[in-house]
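Trainee: okay, sequence plus prediction incoming.
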Amino acid sequence: MPKRFDIVLLDADETVYDFKLAEKTAVSLTLEQFGVTPTDEVVSRYSTINLSCWKALERGELSREDLKPTRFQMLFEQLGAKPVDFNAVNAAYENNLSHQAFLLDGALEFVKKLHEHCKIYLATNGLTIPQTGRFNRAAVKPYVDGIYISEQIGHSKPDKAYFDYIFRDLGITDKGRVIMLGDSLTSDMLGGRNAGLTTCHYLNGEAPSHSPLCDYEIATYDEFFDILFS
């Protein structure tokens, strides 16, 4: 059956990986190491701070190196906790996170089936240590052809330079045969649009956005095959 795309650039966290569970597990382990009780409220507060820092990175307002300790410094300050070496906290967190390779329900089956038809490359804004560790431990690894991590590339989604690096590395000349599939409007969909790619928004339980950044929106993995073979 003829297919429209040969390559799928697949976002990692909250598209394939269950990042919320991974983050909760890693943050809890890390805070315990530094004397902070990881209650649900504390972990939720960290998650909010971390997300705000990554959004600032996407907007070019915060560097990747500053992001790492800043998120923990902000958390400790909000909690009134004793100051510590926040670079050491971040290093512990990255190590703990590198061991958390939880997948979303149905993700493994989806990636296995998709790999029968397309090349798959994970395209992630994550950091090198945790993303490499998680990828090496993830059940999807045998069905993924490669991974592009923003920290290694030196650019982050939605920057066009991030995608240009991938195009050069893979020798892609026909962008019409490539689709970006991910859950984030501000990194995956905007980035795909900036790079001139077809974009598909994986809703992951969220309501449809009807954003002009999305060529398609899907609520389930199976819906993607209707797009692939349309």
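Mentor: Sure, I can see it.
Trainee: now do the helices in the chain.
Mentor: Listed in chain order, the helices of the chain (DSSP state H) span residues 19-33, 40-58, 64-79, 86-97, 107-115, 128-137, 150-153, 160-170, 190-194, 223-228.
Trainee: Throw those helices into CSV and include mean neighbour count, thanks.
Mentor: Backbone N, C-alpha and C define where each C-beta goes, glycine included. Shown next, in CSV, are those (neighbours: other C-beta atoms under 10 Å):
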stretch, mean neighbour count
helix 19-33, 19
helix 40-58, 16
helix 64-79, 17
helix 86-97, 19
helix 107-115, 17
helix 128-137, 18
helix 150-153, 18
helix 160-170, 16
helix 190-194, 23
helix 223-228, 16
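Trainee: of these, which approaches residue 206 most closely?
Mentor: Residue 206 sits nearest to helix 19-33 of all the helices of the chain, at 12.9 Å, using C-beta to C-beta.
Trainee: packing partners of the closest one?
Mentor: With contacts defined as 3 or more C-beta pairs under 8 Å, 6 or more residues apart in numbering; DSSP states H and E, helix 19-33 has these neighbours: helix 40-58, helix 86-97.
Trainee: pull that helix out as CSV, backbone CA atoms only.
Mentor: Provided in CSV are the C-alpha atoms of helix 19-33 (Å, rounded to 0.1, in the frame of the first residue of the first chain):
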residue,chain,number,x,y,z
PHE,A,19,7.7,11.5,31.2
LYS,A,20,5.3,12.4,34.1
LEU,A,21,6.0,9.1,35.8
ALA,A,22,9.7,9.2,35.0
GLU,A,23,10.0,12.7,36.4
LYS,A,24,8.1,12.0,39.5
THR,A,25,10.2,8.9,40.2
ALA,A,26,13.5,10.7,39.5
VAL,A,27,12.6,13.9,41.4
SER,A,28,11.5,11.9,44.5
LEU,A,29,14.8,9.9,44.6
THR,A,30,16.8,13.1,44.1
LEU,A,31,15.1,15.2,46.7
GLU,A,32,15.4,12.4,49.3
GLN,A,33,19.2,12.4,48.6
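Trainee: model confidence over that helix, on average?
Mentor: Regarding helix 19-33, the rounded mean pLDDT is 97.
Trainee: chain center to that helix: distance?
Mentor: 17 Å (C-alpha atoms, centre = their mean, to the nearest Å).
Trainee: likewise for stretch 84-91?
Mentor: Worked out by C-alpha atoms, centre = their mean, stretch 84-91 lies 22 Å from the chain centre.
Trainee: just the CA trace of that stretch, in PDB.
Mentor: What follows is stretch 84-91, C-alpha atoms only, in PDB (Å, rounded to 0.1, in the frame of the first residue of the first chain):
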ATOM      1  CA  VAL A  84      22.900  23.300  48.500                       C
ATOM      2  CA  ASP A  85      25.100  22.800  45.400                       C
ATOM      3  CA  PHE A  86      22.400  22.900  42.800                       C
ATOM      4  CA  ASN A  87      24.700  21.600  40.100                       C
ATOM      5  CA  ALA A  88      25.100  18.500  42.300                       C
ATOM      6  CA  VAL A  89      21.300  18.200  42.700                       C
ATOM      7  CA  ASN A  90      20.900  18.400  38.900                       C
ATOM      8  CA  ALA A  91      23.600  15.800  38.300                       C
END
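Trainee: ok, residues contacting that stretch?
Mentor: 30, 34, 68, 69, 70, 71, 72, 73, 76 (C-beta atoms under 8 Å, 6 or more residues apart in numbering).
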